[in-house]
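Novice: Coordinates for the following, if possible.
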Amino acid sequence: MQLKFDKNQAYQLEAIQSVIDLFEGQHLNSADFQFSYTSSQSGSIKFTETGIGNNLSLSENEILVNLNKVQAANKLKNDEMSAALEKLWYNEIPENKNSAEKSVIAANFPNFSVEMETGTGKTYVYLRSIYELNKVYGFKKFVIVVPSVAVREGVLKSLSITFNHFQEIYEKQPAEFKVYDAARLTELGSFAKSNTIQILVINIDSFAKDANVINQIRETGIKPIQYIQHANPVVIIDEPQNMETDLRKKAIANLNPLFTLRYSATHKNFYNLIYKLDPVKAYDLGLVKQIEVDSVLTRNDNTGAFVSVDGFNLAKQSVTARITIFMNEKSGAVKKQVIAKTGDDLYSLSKGWDSYKDGYIINELDTESGYVEFSGGNLVYRGEATGVLTDQILKEMIDATVENHFKKEKEFERHGIKVLSVFFVDRVVNYRSYDEKGNPKAGKFALWFEESFEKWRNMPAYRGMYPYTAHEVHDGYFSQDKGKFKDSKEGKSSKADDDTFKLIMQDKERLLDIKTPLRFIFSHSALREGWDNPNVFQICTLNETKSEFKKRQEIGRGLRLCVNQNGERISERSINRLTVIANESYEAFSKALQSEIEEDTGVKFEGRIKNARLRKKVQLKNKWLDDALFLELWDKLRSRTEYKVDYKTDDLVNNCITALQNMPVIDKPVIYRERNAAKFIRNKEGELIALGGEQRGSKEKIIKDVNHDIPDFVAYIQSKTELTRDTINRIILSCGRLGEIFNNPQLFMDSVVKIIRDEFDRIKINGIEYQKIAGGAYEMKLFESAEIDQYLDNLVEVKNQNKTLYNYIVIDSLSGPEKKFAEDCQNRDDILFYVKLPSKFRITTPIGPYNPDWALIKREEGEETKIYFVAETKDAKASADRSLLRDTERRKIQCAEKHFSVINDVHYRVVGAVSDLKI
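Specialist: Down below sits the predicted model:
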């Protein structure tokens with residue numbers, strides 16, 4: 001298998017362009033164009049004593065102007081926008097013995113942050129940004145700093161599998177990537193001297209301390225890190241929330257970055273945020289899997305007497321314990337932490353949860369031994385839990401995971417999708433331990449898993465599905481040290497373990513191959529950050545004690561959209577469902593995950609986590625192929641079409657000229673200078689705390705005497721549009737705005753490109769003509785592909801299947817116009833038949849495929865003639881006034897009208913209700 005990548009994902013291109021736009025006005029890499037008018041100003045590279053380095057010709061204030069434009073364009077909130085260019089990392093803190101106040105000298109580089117939800121292609125975005133920064137500005141040296149082995153291996157794998165993809169996009173631009181290895185220091189010399197794109201991946205712990213090899217003076221008389229410093233690299237920080245300590249900040253500053261780009265889904269601090277794709281936006285756009293919860297407690301209806309001792313509070317006169325118990329809430333059992341003292345009764349503290357009725361009065365709090373003793377004789381030690389997570393519950397959780405796995409693998413078989421499941425364990429010995437000779441021994445989790453797997457494998461519905469034994473389909477990865485597998489507490493390395501490490505961490509394609517037996521992966525903490533796999537569909541956390549990891553960390557391993565055996569990404573929402581097998585109620589899990597997301601990102605995630613118990617199967621009715629009304633309607637709709645675009649180049653030129661004449665003036669850059677004084681003090685832990693600052697004045701200045709390199713702008717515009725050089729020349733020379741290119745070349749070119757693209761789309765849509773393809777028809781099996789699992793909050797139950805094909809109608813939401821439309825179709829006598837068109841019923845357009853909503857047969861009262869409609873549902877205002885729709889929506893509707901105009905007897909309408917369907 002070879003994974004395929006979509007180079008046209010709009011949200012990824014927006015993130016990449018946001019980085020490029022930060023350096024608007026930086027001298028372009030003229031090698032990409034045929035010629036360049038040059039000034040005496042330096043470009044994007046410089047020659048140093050150790051090789052070739054990056055060079056930034058923009059001033060701080062010019063970057064700040066660009067930053068403000070990018071933030072405004074991406075509609076960031078006021079508190080996310082920058083009043084000044086943040087340069088928070090420092091090189092030194094001068095001593096001041098007379099005061100606790102310290103002045104901070106900022107390191108001379110800016111930081112920029114990109115927030116992208118886990119699973120949306122963060123690594124792809126920053127790797128492609130490297131190539132784009134080289135293409136546009138000529139930067140050559142890049143360092144990717146990672147926090148852990150798992151993240152490092154993920155980045156290296158991404159570099160490997162995207163290499164050919166990027167070579168195709170960027171016309172085989174020479175590029176080399178390597179991982180820092182203290183045993184191969186000579187590679188740093190080639191990194192510094194090479195005149196091609198150089199990408200160095202390095203773990204933060206490899207250079208954070210003075211004792212690291214890279215920071216030691218060698219026999220050559222220099223420190224190896226100086227090769228990186230002289231290259232003045234663009235530093236990309238993966239998961240920067242792990243690098244906020246003083247030690248790590250100084251280490252990154254010591255790389256001498258040109259600037260840093262920080263990529264994460266969970267930033268601890270935003271430094272000049274430039275792009276934000278939060279969990280809500282990613283989820284609503286279908287860029288990640290849906291999340292559903294299968295609660296084992298709901299299955300058993302037995303939550304038990306759960307008690308977790310989290311710690312003790314010591315005061316002069318009293319001792320209390322922090323204990324997590326089940327609270328008796330309206331929604332059921334919800335885990336909450338309480339503060340308890342000797343004599344307290346958990347029955348009262350839990351608001352009357354029946355499981356604590358007898359034997360749960362606290363007799364003693366022993367802080368020295370670290371336990372709580374209850375009146376029933378139970379001792380619960382700090383860090384341990386009793387009650388709900390008995391072996392019975394843990395075993396049931398494994399069985400629920402295997403059940404979900406079998407159901408999905410059977411369902412996805414026709415799509416060529418392999419299903420993976422991940423178990424997180426808190427004690428590795430529960431899965432596997434080793435004897436003195438290094439031979440593995442199965443723990444109770446492994447034994448329970450194999451028992452469950454064999455049970456489901458021999459069920460009639462799944463018999464013959466797997467040619468593998470239970471032992472062959474599961475394995476574990478727990479920690480990794482110096483390229484060798486070993487468990488950090490209880491195990492030793494073996495060749496089999498090394499093979500597992502390579503399969504899980506390095507060979508993603510083989511793991512995704514349906515012929516590879518491994519389908520169930522057990523891990524401790526090693527896979528909780530930096531690793532994911534698109535085909536993880538189940539995640540189960542088997543903790544006998546309270547987990548120290550956030551739910552969001554764990555589900556992040558399976559959010560990425562899945563791929564089939566051809567390596568193609570599958571976007572159907574009905575397929576992309578991540579099932580979390582939880583040891584708490586659906587309500588409790590949802591509330592906790594929503595709280596984590598809101599705490600991390602500031603956005604509400606309500607209503608988006610689904611209950612697996614409320615999932616229904618959307619099915620075709622029996623003998624649907626014999627339904628005369630359906631066959632009659634389908635005969636009208638089934639013809640495929642192709643389009644041609646008829647337009648006159650003169651019209652396009654004139655439209656572009658008019659639009660360019662009306663575009664905003666391209667001014668010279670404006671520098672806004674603000675003087676501030678900031679104060680910092682040290683807290684008890686020795687950390688620097690900002691006390692704020694005061695503004696001391698401001699000044700605005702237009703730059704008048706900066707000479708810009710003027711690239712071959714015609715070649716640049718041609719590379720971004722479909723027009724010939726002659727057509728572009730006619731537009732540019734006739735618009736009267738060419739002189740403004742000297743004010744800001746990059747902004748001028750990008751503005752022209754945007755206008756030309758928009759006018760070209762408009763004139764193509766206006767001049768589009770469709771015609772039927774001889775013998776071309778949609779296949780009726782499209783309706784079989786619409787047999788899916790869906791949740792009740794996206795379904796309208798069908799009461800009369802004589803009028804349609806399915807038992808449920810799938811809608812976007814219960815609050816939108818589709819729900820009322822579906823109900824009216826069922827209830828109105830003038831609607832003889834209706835069907836929601838499958839998502840794969842697509843009409844081709846110049847701006848992407850279009851899928852209409854409904855097909856219907858209507859008969860007016862007192863009339864015999866049947867009328868055939870295809871309907872697009874919008875709310876009442878948008879259906880009446882299309883200017884309220886997005887440009888893309890409006891233009892696709894225009895194409896649909898042209899398509900259906902050549903389909904005999906079918907009327908296409910955009911409506912807010914069934915009553916709007918009129919000829």
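Novice: Determine the three-state secondary structure at the closest residue to residue 165 other than its chain neighbours.
Specialist: Computed as Cβ to Cβ, 6 or more residues apart in numbering, the closest residue to residue 165 that is not its neighbour in sequence is residue 5, at 4.8 Å. (Each C-beta comes from the backbone N, C-alpha and C, glycine too.) Following DSSP: H, G, I helix; E, B strand; the rest coil, the label given to residue 5 is coil.
Novice: for residue 5, what are its contacts?
Specialist: 124, 162, 165 (Cβ atoms under 8 Å, 6 or more residues apart in numbering).
Novice: What distance do you get for the first one to residue 446?
Specialist: Residue 124 sits at a distance of 35 Å from residue 446 (criterion: Cβ to Cβ, to the nearest Å).
Novice: Now render the contacts of residue 5 as CSV, adding pLDDT and distance to residue 806.
Specialist: Formatted as CSV, the contacts of residue 5 follow (pLDDT from 0 to 100; distance: Cβ to Cβ, whole Å):
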residue, pLDDT, distance to residue 806
124, 96, 37
162, 95, 40
165, 96, 39
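Novice: out of the residues you listed, who has the most neighbours?
Specialist: The most crowded member of the contacts of residue 5, judged by other Cβ atoms under 10 Å, is residue 124 (22 neighbours).
Novice: for the residue nearest the centre of the chain, what are its contacts?
Specialist: For the chain, the residue nearest the mean C-alpha position is residue 120 (2.5 Å; Cα atoms, centre = their mean). By Cβ under 8 Å, 6+ apart, the contact set of residue 120 is 11-12, 277, 282, 287-288, 560.
Novice: Which residue, other than its chain neighbours, is closest to residue 576?
Specialist: Closest residue to residue 576 apart from its sequence neighbours, by Cβ to Cβ, 6+ apart: residue 289 at 4.2 Å.
Novice: Same question for residue 503.
Specialist: Counting by Cβ to Cβ, 6+ apart, residue 503 lies nearest to residue 511, which is 5.7 Å off, once chain neighbours are set aside.
Novice: The one you found contacts residue 532, correct?
Specialist: No: between residue 511 and residue 532 there is no contact under Cβ atoms under 8 Å: 11.8 Å.
Novice: As JSON lines, the contacts of residue 5 with distance to residue 785 and secondary structure would be great.
Specialist: Below are the contacts of residue 5 laid out as JSON lines (distance: Cβ to Cβ, whole Å; DSSP: H, G, I helix; E, B strand; the rest coil):
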{"residue": "124", "distance to residue 785": "28", "secondary structure": "helix"}
{"residue": "162", "distance to residue 785": "30", "secondary structure": "helix"}
{"residue": "165", "distance to residue 785": "28", "secondary structure": "helix"}
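Novice: wait, which of those residues is closest to residue 380?
Specialist: The closest of the contacts of residue 5 to residue 380 turns out to be residue 124 (Cβ to Cβ; 46.6 Å).
Novice: mind listing what's buried in stretch 723-730?
Specialist: Buried residues in stretch 723-730, counted by 16 or more other Cβ atoms under 10 Å: 723, 727-728, 730.
Novice: In helices only, show me these.
Specialist: 727-728, 730 (DSSP state H).
Novice: out of the residues you listed, who's nearest residue 224?
Specialist: Nearest to residue 224 among those, with distances taken as Cβ to Cβ, is residue 728, at 48.6 Å.
Novice: By pLDDT, give me the weakest of the buried residues of stretch 723-730.
Specialist: Across the buried residues of stretch 723-730, the bottom pLDDT score, 92, is held by residue 723.
Novice: My understanding was that the residue nearest to residue 576 contacts residue 557; is that so?
Specialist: No: contact between residue 289 and residue 557 fails when scored by Cβ under 8 Å: they sit 11.0 Å apart.
Novice: helices or strands up against whichever strand or helix holds residue 894?
Specialist: Residue 894 belongs to helix 887-900 when assigned by DSSP states H and E. Helix 887-900 sits against strand 639-645, helix 745-766, strand 768-777, strand 867-873, strand 906-911, with contacts defined as 3 or more Cβ pairs under 8 Å, 6 or more residues apart in numbering; DSSP states H and E.
Novice: now do 6 Å
Specialist: Packing partners of helix 887-900 (3 or more Cβ pairs under 6 Å, 6 or more residues apart in numbering; DSSP states H and E): strand 768-777, strand 906-911.
Novice: Looking at those strands, spot the one closest to residue 264.
Specialist: Of these, nearest to residue 264 by Cβ to Cβ is strand 906-911, at 41.2 Å.
Novice: tell me the average confidence for the closest one?
Specialist: In this model, strand 906-911 carries a mean pLDDT of 96.
Novice: again, but for stretch 751-771
Specialist: pLDDT averaged over stretch 751-771 gives 93.
Novice: now swap in stretch 73-91 and tell me
Specialist: Here stretch 73-91 scores 69 as its mean pLDDT.
Novice: ditto for stretch 136-156
Specialist: Stretch 136-156 comes out with an average pLDDT of 93.
Novice: circling back to that earlier point, I'd like the helices and strands packed on helix 887-900 as a markdown table, with mean neighbour count appended.
Specialist: Putting the helices and strands packed on helix 887-900 into a markdown table (neighbours: other Cβ atoms under 10 Å) gives the following:
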| stretch | mean neighbour count |
| --- | --- |
| strand 768-777 | 13 |
| strand 906-911 | 19 |
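Novice: among those, which is nearest residue 792?
Specialist: Nearest to residue 792 among the helices and strands packed on helix 887-900 is strand 906-911 (25.7 Å), distances taken as Cβ to Cβ.
Novice: which helices and strands does that closest one pack with?
Specialist: strand 867-873, helix 887-900.
Novice: deepest of the ones you listed, which one?
Specialist: strand 867-873 (a mean of 22; mean count of other Cβ atoms under 10 Å).
Novice: what helices or strands is it leaning on?
Specialist: Counting contacts by 3+ Cβ pairs under 6 Å, 6+ apart, strand 867-873 is packed against helix 817-827, strand 854-858, strand 906-911.
Novice: Quick one: work out the angle between it and strand 906-911.
Specialist: With axes from the mean of the first three to the mean of the last three Cα atoms, to 10 degrees as the basis, strand 867-873 and strand 906-911 are set at 30 degrees to each other.
Novice: Now do residue 403: how many residues are near it, please.
Specialist: If you count neighbours by other Cβ under 10 Å, residue 403 ends up with 18.
Novice: do the same with residue 243
Specialist: Residues within reach of residue 243, counting by other Cβ under 10 Å, total 20.
Novice: As a check, name the ranges of all strands in the stretch 101-250 of the chain.
Specialist: Remark: strands assigned in the stretch 101-250 of the chain by DSSP state E, counting those that start in this stretch are 101-102, 105-106, 111-116, 141-146, 175-179, 197-203, 234-238.
Novice: got those as JSON lines, with mean neighbour count and distance to residue 340 columns?
Specialist: Formatted as JSON lines, these follow (neighbours: other Cβ atoms under 10 Å; distance: least, Cβ to Cβ, whole Å):
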{"stretch": "strand 101-102", "mean neighbour count": "13", "distance to residue 340": "43"}
{"stretch": "strand 105-106", "mean neighbour count": "13", "distance to residue 340": "48"}
{"stretch": "strand 111-116", "mean neighbour count": "23", "distance to residue 340": "39"}
{"stretch": "strand 141-146", "mean neighbour count": "27", "distance to residue 340": "42"}
{"stretch": "strand 175-179", "mean neighbour count": "18", "distance to residue 340": "50"}
{"stretch": "strand 197-203", "mean neighbour count": "21", "distance to residue 340": "43"}
{"stretch": "strand 234-238", "mean neighbour count": "25", "distance to residue 340": "42"}
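Novice: hey, which helix or strand in this protein has the poorest pLDDT?
Specialist: Within the chain, no helix or strand scores below strand 36-37, which has a mean of 34 by mean pLDDT, DSSP states H and E.
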